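1. A predicted structure for the sequence below; I have some questions about it.
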Amino acid sequence: DAGITQSPRHKVTETGTPVTLRCHQTENHRYMYWYRQDPGHGLRLIHYSYGVKDTDKGEVSDGYSVSRSKTEDFLLTLESATSSQTSVYFCAISESGGDEAFFGQGTRLTVV
Amino acid sequence: GENVEQHPSTLSVQEGDSAVIKCTYSDSASNYFPWYKQELGKGPQLIIDIRSNVGEKKDQRIAVTLNKTAKHFSLHITETQPEDSAVYFCAASRNDYKLSFGAGTTVTVRA
């Protein structure tokens, strides 16, 4: 398995609180991605990064921000969590962008 | 942006039979088409992929076909086994590093 670690694996939080999810990789891949997975929607891209401090929005970026200060870490922040952000979040990495993406184990986030 | 549609949403097959999942995409500039398998409680894992300059690719019991004119691609699993039971996702990408996924197909292989 690719060296991707997501933390935490499970989290329950209250509406309106900030939440940060972490993705750590040991593969030194350039590209990192955050997806959310919801029934009937497959995986939808939230944000992605193509290098340190280089990030861009995906198709469902509203309410989320990201940061990448080191090659190995990509953080996803929900500034003020809402119930619609209850989901399973996956981090992915790829070496060359338009190529194979390796996924982490996922973080199940519940906003109550 | 790219829109990928995947059918069927669920598929039940008898062990040993074949399974076929079909996807269509909207962006004619898409040139990379991977298929992922997701087992319960795990992240998706790439099982096969195809690029736009190839019409078919095979890896043991798994094959993918691509029809660029019609903008659709399919996954074929032959001689299905219980361990093939999982959720399968197709995806499409241009050279902009972003994958657009289908909604997924839950495959159940009956013993």
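-> Structure received.

2. ranges for the strands of chain B?
-> Using DSSP state E, the strands of chain B run over B:4-7, B:10-14, B:19-25, B:32-38, B:45-51, B:56-59, B:62-67, B:72-77, B:86-92, B:100-101, B:105-110.

3. right, and those - which one's nearest chain A?
-> Among the strands of chain B, strand B:100-101 comes nearest to chain A, with 3.9 Å by C-beta to the nearest C-beta. Every residue, glycine included, has its C-beta placed from N, CA and C.

4. Report the mean per-residue pLDDT for that closest one.
-> Mean per-residue pLDDT for strand B:100-101: 92.

5. picking that back up, okay if I get the strands of chain B as TSV plus mean neighbour count and distance to chain A?
-> Below are the strands of chain B laid out as TSV (neighbours: other C-beta atoms under 10 Å in any protein chain shown; distance: least, C-beta to the nearest C-beta, whole Å):
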stretch	mean neighbour count	distance to chain A
strand B:4-7	18	7
strand B:10-14	13	12
strand B:19-25	20	11
strand B:32-38	23	5
strand B:45-51	17	5
strand B:56-59	12	13
strand B:62-67	18	14
strand B:72-77	21	14
strand B:86-92	24	6
strand B:100-101	24	4
strand B:105-110	17	10
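
6. The ones you listed: which one's closest to A:Ile93?
-> strand B:45-51 (12.2 Å; C-beta to C-beta).

7. Each with direction, which strands does that closest one pair with?
-> In the sheet, strand B:45-51 lines up against strand B:32-38 (antiparallel) (DSSP bridges).

8. contacts for the strand it pairs with?
-> For strand B:32-38, the surrounding residues in contact (C-beta atoms under 8 Å, 6 or more residues apart in numbering or on different chains) are A:98-101, A:103, B:23, B:25, B:44-52, B:62, B:64, B:66, B:73, B:75, B:86-95, B:99, B:101, B:104.

9. again with stretch B:102-109
-> Contacts with stretch B:102-109, where a contact means C-beta under 8 Å, 6+ apart, come from A:40-42, B:4-15, B:19, B:21, B:23, B:38, B:77, B:80-82, B:84-91.

10. Please repeat the previous calculation with a cut-off of 7 Å.
-> By C-beta atoms under 7 Å, 6 or more residues apart in numbering or on different chains, the residues outside stretch B:102-109 that reach it are A:40-42, B:4-6, B:8-13, B:15, B:19, B:21, B:23, B:80-82, B:84-91.
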